[in-house]
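Trainee: Need a 3D model of the following:
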Amino acid sequence: MTSSEARAVTVPRVVAAEWTKVVSLPSTPWLLAGTVCAAAFLAFVLGLFVGPGDAVSGTSLAGSGHLLAQLGLLVLGVLVGSTDFAVGTSLTTYAAVPRRLPVLLAQVALTGALALATGLVAIAASLAVTAGTRRTAGLSWSTADPADLRTAAGYVLFLTGAAVCGVLLGALLRRPLAALAAAVALFVLLDQLLAPHPGRVADTVRALLPSSGTRLFADDAQLAALAAGHGPHLGAAGGGLVLAAWCAALAVLAGYRLVRRDVS
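Mentor: Residues are numbered from 1 along each chain as shown. Below is the predicted model of the structure:
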C-alpha cells in the first residue's frame, strides 16, 4: 500500500464502512427490535404477579426486562466483533485498514450507539407496558424524581456496556459461538450459579463480574440488600465502574491480539 493510499484511510471512511457492515447483517434489525420487545414483554409478564404491599418498586419492575434485553445486545455485539473473522473477510478489511485498531474502535462506537438508542426505547417501552400495574399496585415512577431518572439512565448504560463487551469478546475470540458462550457466562450464568451460595468468596466474585453493572439501575432496597452481603459495597456507581473496567480490559486484550496476531 502506498503512502497516498494509507492517507486515504480516514476515520469517517472506516466508520462508514463498518456502519455498512453492521446494518447489512440480516440479524441487526431483528436483534434490535427483539431486544425492545423482549424487555417490555418480560417486564409486563413479571408485573402481572405484582400486587399492593409486595416488596417491589416501580424502578425494579421497569428494569426487570434487562434479563432478556442484555442477551439481544450481547448477540449483536458478538456478531459485529466476530463476523469478519467467521466469514473470512478479515483479510480484506485489514488490508484496507492496515493499522487495524480504527476498525475495532469503529465497531465499538457504532454498536455502543445502537445499544444506547435501543436501551432508551426499551426502558420507555417497559415503563409504558407496566404503567397499569404500577397504578394498581401503588408503585411510583416519575421523571421528576432524580432517583428514577438515575435508574433509567443506568438501565441504558448497562445495556450499552453489555453490547460493547460483546463486540470486544467477538474480536478477541473471533468465533461467534465461543464469544457468545463467554458473554453469557460472564453476564448471566456465573452470577446465577453463585447467587444461591452467599459468602465472602461468592459475593466478592459476583461483585467483580460484569453483571455487577445491574447495580446501575437497582433501587435503594436492592442496593441495601447487596450491601448487607459479604462482598464489596460498591453501590450504583461502583457497579458501573466494574462494568467499565471489564470493557477496558477486554479492549486491551482484543486490541493487542488484533495488532500482534494474524487476522486470518
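
Trainee: Dump stretch 187-196 to PDB, restricted to CA.
Mentor: Once side chains and other backbone atoms are set aside, the C-alpha atoms of stretch 187-196 remain, and they are given as PDB (Å, rounded to 0.1, in the frame of the first residue of the first chain):
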ATOM      1  CA  PHE A 187     -23.200 -11.700  32.300                       C
ATOM      2  CA  VAL A 188     -25.700 -14.400  33.300                       C
ATOM      3  CA  LEU A 189     -24.600 -17.900  34.300                       C
ATOM      4  CA  LEU A 190     -21.800 -17.200  36.800                       C
ATOM      5  CA  ASP A 191     -23.900 -14.800  38.700                       C
ATOM      6  CA  GLN A 192     -26.900 -17.100  38.800                       C
ATOM      7  CA  LEU A 193     -24.700 -20.100  39.900                       C
ATOM      8  CA  LEU A 194     -23.100 -18.100  42.700                       C
ATOM      9  CA  ALA A 195     -26.300 -16.300  43.900                       C
ATOM     10  CA  PRO A 196     -27.700 -19.400  45.900                       C
END
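
Trainee: Quick check: closest non-adjacent residue to the residue most central in space within the chain.
Mentor: For the chain, residue 162 is the residue whose C-alpha lies nearest the centre (CA atoms, centre = their mean; 1.7 Å). Closest residue to residue 162 in three dimensions, ignoring its sequence neighbours and counting by CB to CB, 6 or more residues apart in numbering: residue 70, at 4.6 Å. For every residue, glycine as well, the C-beta is placed using N, CA and C.

Trainee: Over to residue 115?
Mentor: Of all residues beyond its chain neighbours, the one nearest residue 115 is residue 163 (3.5 Å), with distances taken as CB to CB, 6+ apart.

Trainee: In terms of helices and strands, where is that neighbour?
Mentor: Under the assignment given by DSSP states H and E, the secondary-structure element containing residue 163 is helix 146-173.

Trainee: Moving C-terminal from that helix, which element do we reach first?
Mentor: By DSSP H and E, the next helix or strand past helix 146-173 is helix 176-184.

Trainee: hmm, back to that, give me the pLDDT for the residue nearest to residue 162.
Mentor: In this model, residue 70 is scored at 96, pLDDT.

Trainee: what do you get for residue 50?
Mentor: Reading off the per-residue confidence, residue 50 sits at a pLDDT of 84.

Trainee: Name the SS class of it, please.
Mentor: Following DSSP: H, G, I helix; E, B strand; the rest coil, we place residue 50 in the coil state.
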